[in-house]
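Peer 1: Need coordinates for the following:
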Amino acid sequence: MGPARFERATSCSGGKRSIQLSYGPGTRGCAGGEKSPERPIFATAPRRRWRVRVIACAAAAGALLGAPGRPLDAFAQGDGGARVEAIADGVFVILHDDATPDWPHGNTTVIVGDSAVLVVDATYLPSRAAADIALIRARTRLPVRWLVNTHWHYDHIFGNSAYAAAYPGLAIVAHDATRRLMTVNARRFAAGVVADSSPARLRLAELRDSLRRSPPASRLESMRREIADREREQAELASYRFTPPTVGFDRSMTVDLGGRRVALSNFGRGNTPGDVVAYLPEQRILIAGDLLVAPVPYAYSSSPGEWIRVLGQLDALDAAVIVPGHGPVFRDERYLHRVAALLEGVVREVAALASRGRTLDQVRAEVGWDALRAGFAADSGDARAVWDDSIVRALAERAFQEARGIH
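Peer 2: Purely as a prediction, here's the structure:
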């Protein structure tokens with residue numbers, strides 16, 4: 001399969017996919033000046049999960065949704081690896097178990113209109129995306145016409161191929177910068193995971209060797225489960241088919257699903273150069289991607305100064321329901337406010353220390369992390385490991401770079 005045609009869109013309509021497009025080159029300048037696609041940033045890609053386990057912190061699933069006219073309780077609740085939570089009539093979120101101890105799946109949101117369906121984010125492994133498609137088809141007979149990639153990280157995009165195979169003519173939508181970063185990094189990353197010397201392959205070999213040595217009975221089940229998860233990851237990434245976005249935009253775009261309009265927006269650099277949020281104004285539902293992650297934000301390769309401003313613009317939407325990129329669905333804006341306060345506190349303290357000539361190591365040692373950690377479930381275990389890696393290491397470094405004029 002050759003590369004998909006990339007169109008730039010201003011506003012779109014679902015159903016028969018009538019599209020009003022401004023045609024232009026597939027790549028163009030992006031506000032914020034992200035790294036050129038000719039300079040791979042694989043080294044700074046979100047490889048944090050190779051060092052720390054990310055928490056599966058989905059909320060318990062609520063009542064489920066069906067096709068228009070079907071009762072909400074007429075459907076099974078998820079499957080063995082995911083739960084489904086209804087957040088409004090015709091809108092539900094699929095919250096997933098982790099793909100491996102290294103990589104989670106991002107949350108997937110499904111929005112059903114009168115004539116078409118829009119899906120936000122496509123998980124890490126194509127097999128999980130295929131399972132999500134089965135969950136969607138159990139709830140509506142309408143086709144998925146639109147798939148939105150909120151950003152370029154692999155736990156939100158590798159399932160694109162499953163949706164494209166299941167729904168011919170699917171429009172995959174992303175910010176211009178996201179497509180460029182996917183093009184540079186996605187195939188490179190997949191090849192790296194299946195390379196003989198990769199941490200994932202070495203861990204799999206270690207597990208197989210341990211299993212042959214008759215481990216304690218208490219560890220057998222977890223070891224076998226991890227081996228199966230890692231073997232699945234190896235098999236799927238070895239045959240990975242890069243499936244890039246086919247429709248791009250810069251600042252905003254609206255999709256009409258028939259009786260339901262979805263506003264897509266980029267408010268600036270935050271978690272990545274091309275973060276897209278989806279907003280349903282009638283229901284006041286905000287789908288935030290990794291601009292919000294719980295219980296600990298992901299700050300790898302972020303732009304903390306601009307991220308604060310972006311969160312301010314999200315706050316102004318006055319959302320009643322917020323779907324983060326990972327973690328439970330929120331029914332108010334309190335977590336958004338906590339993340340904004342954290343970023344403001346780190347940026348402020350780091351800037352003050354940098355102005356006094358402190359080195360990065362000194363900054364990390366002197367910032368008041370204990371006070372900043374209040375309000376986040378990051379006191380022990382996996383969450384504390386993510387905090388130390390994402391916030392103390394990565395966010396401090398990015399704030400330090402910005403304080404020194406490096407953006």
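
Peer 1: Paired strands for the longest strand anywhere in the chain, with orientation please.
Peer 2: The single longest strand within the chain, with elements called by DSSP state E, is strand 285-293. Within its sheet, strand 285-293 is paired with strand 277-280 (antiparallel), strand 321-326 (parallel), according to DSSP bridges.

Peer 1: so which of the ones you listed comes closest to residue 380?
Peer 2: strand 321-326 (19.0 Å; Cβ to Cβ). For glycine as for every other residue, the C-beta is placed from the backbone atoms N, C-alpha and C.

Peer 1: quick check: mean pLDDT across the closest one?
Peer 2: Strand 321-326 shows a mean pLDDT of 98.

Peer 1: Could I get the buried residue list for it?
Peer 2: 321-326 (16 or more other Cβ atoms under 10 Å).

Peer 1: ok so, going back, can you give me the buried ones in the very next helix or strand once past the longest strand of the chain?
Peer 2: Along the chain past strand 285-293, the next helix or strand (assigned with DSSP states H and E) turns out to be helix 304-316. Buried residues in helix 304-316, defined by neighbour count with 16+ other Cβ under 10 Å: 304-308, 310-311, 314.

Peer 1: how about those in a markdown table, adding pLDDT and distance to residue 264?
Peer 2: Shown next, in a markdown table, are the buried residues of helix 304-316 (pLDDT from 0 to 100; distance: Cβ to Cβ, whole Å):
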| residue | pLDDT | distance to residue 264 |
| --- | --- | --- |
| 304 | 98 | 24 |
| 305 | 97 | 24 |
| 306 | 98 | 19 |
| 307 | 98 | 19 |
| 308 | 98 | 22 |
| 310 | 98 | 14 |
| 311 | 98 | 18 |
| 314 | 98 | 13 |
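
Peer 1: Same list (the strands paired with strand 285-293) but as TSV, adding distance to residue 116.
Peer 2: Below are the strands paired with strand 285-293 laid out as TSV (distance: least, Cβ to Cβ, whole Å):
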stretch	distance to residue 116
strand 277-280	14
strand 321-326	20
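
Peer 1: Which one, of those, ends up nearest to residue 157?
Peer 2: strand 321-326 (12.0 Å).

Peer 1: Could you check the angle whichever helix or strand comes after the closest one makes with helix 304-316?
Peer 2: Later in the chain than strand 321-326, the nearest helix or strand by DSSP H and E is helix 334-355. Taking axes from the mean of the first three to the mean of the last three Cα atoms, to 10 degrees, one finds helix 334-355 and helix 304-316 inclined to each other by 160 degrees.

Peer 1: what's the following helix or strand after helix 334-355?
Peer 2: Assigned by DSSP H and E, the successor of helix 334-355 is helix 360-366.

Peer 1: Tell me which residues of that following helix come out buried.
Peer 2: Of the residues in helix 360-366, those buried (16+ other Cβ under 10 Å) are 360, 363-364.

Peer 1: How about stretch 354-361?
Peer 2: So stretch 354-361, judged by 16+ other Cβ under 10 Å, has buried residues 354, 358, 360.

Peer 1: Show me the strands in the stretch 151-300 of the chain, by range?
Peer 2: Using DSSP state E, counting those that start in this stretch, the strands of the stretch 151-300 of the chain run over 171-175, 247-249, 252-256, 261-265, 277-280, 285-293.

Peer 1: Other residues contacting the fifth one?
Peer 2: This points to strand 277-280. Here strand 277-280 makes contact (Cβ atoms under 8 Å, 6 or more residues apart in numbering) with 88, 91, 109, 111, 118, 120, 148, 150, 260-267, 285-289, 291, 314, 317, 319.

Peer 1: Please list only the buried members of those residues.
Peer 2: 88, 91, 109, 111, 118, 120, 148, 150, 260-262, 264-267, 285-289, 291, 314, 317, 319.

Peer 1: Could you check how far residue 214 is from residue 392?
Peer 2: Using Cβ to Cβ, to the nearest Å, residue 214 is found at 39 Å from residue 392.

Peer 1: If you could redo that for residue 194, that was the one I meant.
Peer 2: 31 Å.

Peer 1: Give the full set of residues in contact with residue 174.
Peer 2: 148-149, 152, 182, 245, 247-248, 274, 276.

Peer 1: What residues are recorded as beta-bridge partners of it?
Peer 2: Under the criterion used (DSSP bridges), residue 174 bridges to residue 248.

Peer 1: returning to what we had before: tell me which of the strands paired with strand 285-293 lies nearest to residue 198.
Peer 2: That would be strand 321-326 among the strands paired with strand 285-293, by Cβ to Cβ, at 23.1 Å.

Peer 1: So what touches the closest one?
Peer 2: Residues contacting strand 321-326 (Cβ under 8 Å, 6+ apart): 54, 57, 87-88, 93, 104, 106-107, 109, 120-121, 150, 156, 271, 283-294, 298, 329-333, 335-336.

Peer 1: Quick check: residue 199 vs residue 382, distance?
Peer 2: From residue 199 across to residue 382, the span is 17 Å (Cβ to Cβ).

Peer 1: hmm, back to that, out of the buried residues of helix 304-316, the closest to residue 234 would be?
Peer 2: residue 307 (34.1 Å).

Peer 1: Make sure that closest one is actually in contact with residue 273.
Peer 2: No: contact criterion Cβ atoms under 8 Å: residue 307 and residue 273 do not qualify, at 11.4 Å.

Peer 1: least trustworthy helix or strand in this protein by mean pLDDT?
Peer 2: strand 19-21 (a mean of 28; mean pLDDT, DSSP states H and E).

Peer 1: what bridges to residue 92?
Peer 2: If you apply DSSP bridges, the partners that residue 92 bridges to are residue 86, residue 110.

Peer 1: Tell me how many other residues surround it.
Peer 2: For residue 92, the neighbour count with other Cβ atoms under 10 Å is 28.

Peer 1: per-residue confidence at it?
Peer 2: Reported pLDDT for residue 92: 97.

Peer 1: Just list the residues touching residue 393, thanks.
Peer 2: residue 364.

Peer 1: how much space between it and residue 360?
Peer 2: In terms of Cβ to Cβ, residue 393 sits 10 Å off from residue 360.

Peer 1: Quick check: neighbours shared by those two?
Peer 2: By Cβ under 8 Å, 6+ apart, no residue touches both residue 393 and residue 360.
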